[in-house]
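*Asks:* One predicted model, sequence on top.
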Amino acid sequence: MSEELLKIKGLNVRYVVGKEVSEAVNGIDIVINQGETLGLVGETGAGKTTTALSIMNMLPQYVSRVQGEIFYKGKDVLKMKEHELRKLRGKQISMVFQDPMTSLNPVYRVGEQIGEVLTLHEGKMSKGELRKRVGEILELVGIPASRQDEYPHQFSGGMKQRVIIAIAIACRPELLIADEPTTALDVTIQAQVLDMMQDLRNTLNSSILMITHDLGIVASFCDNVAIMYAGEIVEYGTLDEIFDRTEKHHPYTEGLFNAIPNLNVKTDRLNPIQGMTPDPRDLPAGCKFHPRCPHACDACKSGQVPVYRRGTHQIKCLLAEEWGEKECEGEEQV
């Protein structure tokens, strides 16, 4: 059995601005094992990026209120001192942010930006040794070592994303958080970046948290999948369990799959999920998805929604009552 690397227990995140409170993440549980890739899927505003920033303990303290526990190798990240976090970020846990265009400093050469990470976490080294290491890291992501003296504006969008990934993997982290790493890229470059990340995972034996709204990326890249809606994990399972259309699924998961074009069916329109993602400042009572759910009943509109489990597959929905076993209160979801 794989060693447990990251464990999130009962994570709640609130953003407080003046008198307004946004409930961004609401009591989620997640486990990522060594060498495993977990896909975190959901619409914009579901709380995916907030979850990622919480793992790094990088949420702005002046507006965020965090409850719960995030254990990395048994140590609670949320209780770490600043000097401990500096050793953790970039060295043991790294993050690939959404927009490569704004993640690089335009006035520093890309080699200097990669070298800064190495110097910070691995100590000073000679100029020649640092240059060699930077060149090796660039070549690992498919960029010639000779380009380390160039500036970000001399790279295309796809190449910039490769540089961002190079910075993230410079110290061979055990956990890589990829937040929509291919959003700004065309389809061909997307495939190249994903293939490269797959190779890096195999080479470094890193675990990856892949944050995306693209189920195609999940299908080609992930081992397990967590479906997130309004700050909650509404469904969790292995890749086969989530993508098996004959299996029981949460209505939100069904809606995501129904919105994907089917090449074998001729139709004039796609079948989107009706309605809008709820405002985190005013979440509905009961099941957060019930205003958009075609199967909603009165019982869905109030009270706590239980989680039902069958093996590794979990669904947070009253419709799953006859499908799986109800979890006891306080039992971990993942």
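*Replies:* Received, thanks. Fair warning: this is a prediction, and the values are worked out from it, not measured in the lab.
*Asks:* quick one, phi/psi of residue 69?
*Replies:* When read as degrees, to the nearest 10, the backbone of residue 69 gives phi -140, psi 140.
*Asks:* my guess is it contacts residue 55, does it?
*Replies:* No. Using C-beta atoms under 8 Å, residue 69 is not in contact with residue 55; the gap is 11.6 Å. Every residue, glycine included, has its C-beta placed from N, CA and C.
*Asks:* between those two, which one's more packed in?
*Replies:* Counted by other C-beta atoms under 10 Å, residue 69 and residue 55 do not tie: residue 55 has more neighbours, with 22 against 14.
*Asks:* rewinding a little: where do the contact lists of residue 69 and residue 55 overlap?
*Replies:* Common neighbours of residue 69 and residue 55, using C-beta atoms under 8 Å, 6 or more residues apart in numbering, are residue 8.
*Asks:* And the helices in this structure?
*Replies:* Per DSSP state H, the chain carries helices over the ranges 48-55, 82-88, 100-103, 110-122, 127-140, 157-169, 187-204, 215-221, 239-243, 251-258.
*Asks:* would a markdown table of these with distance to residue 29 and mean pLDDT be doable?
*Replies:* As requested, the helices of the chain are exported to a markdown table (distance: least, C-beta to C-beta, whole Å; pLDDT from 0 to 100):
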| stretch | distance to residue 29 | mean pLDDT |
| --- | --- | --- |
| helix 48-55 | 11 | 96 |
| helix 82-88 | 21 | 93 |
| helix 100-103 | 30 | 78 |
| helix 110-122 | 30 | 93 |
| helix 127-140 | 34 | 93 |
| helix 157-169 | 26 | 89 |
| helix 187-204 | 24 | 82 |
| helix 215-221 | 19 | 90 |
| helix 239-243 | 17 | 96 |
| helix 251-258 | 18 | 94 |
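*Asks:* pLDDT score for residue 268?
*Replies:* For residue 268, the pLDDT comes out at 77.
*Asks:* Run a quick neighbour tally on the residue nearest to residue 105 when sequence neighbours are not counted.
*Replies:* Distance criterion C-beta to C-beta, 6 or more residues apart in numbering; nearest residue to residue 105, sequence neighbours excluded, is residue 113 at 6.2 Å. Residue 113: 20 surrounding residues under other C-beta under 10 Å.
*Asks:* ditto for residue 142
*Replies:* Residues near residue 142, counting by other C-beta under 10 Å, number 16.
*Asks:* so who does it touch?
*Replies:* Counted by C-beta under 8 Å, 6+ apart, residue 142 has contacts 162, 192, 196.
*Asks:* For stretch 106-121, buried residues please.
*Replies:* 109-118, 121 (16 or more other C-beta atoms under 10 Å).
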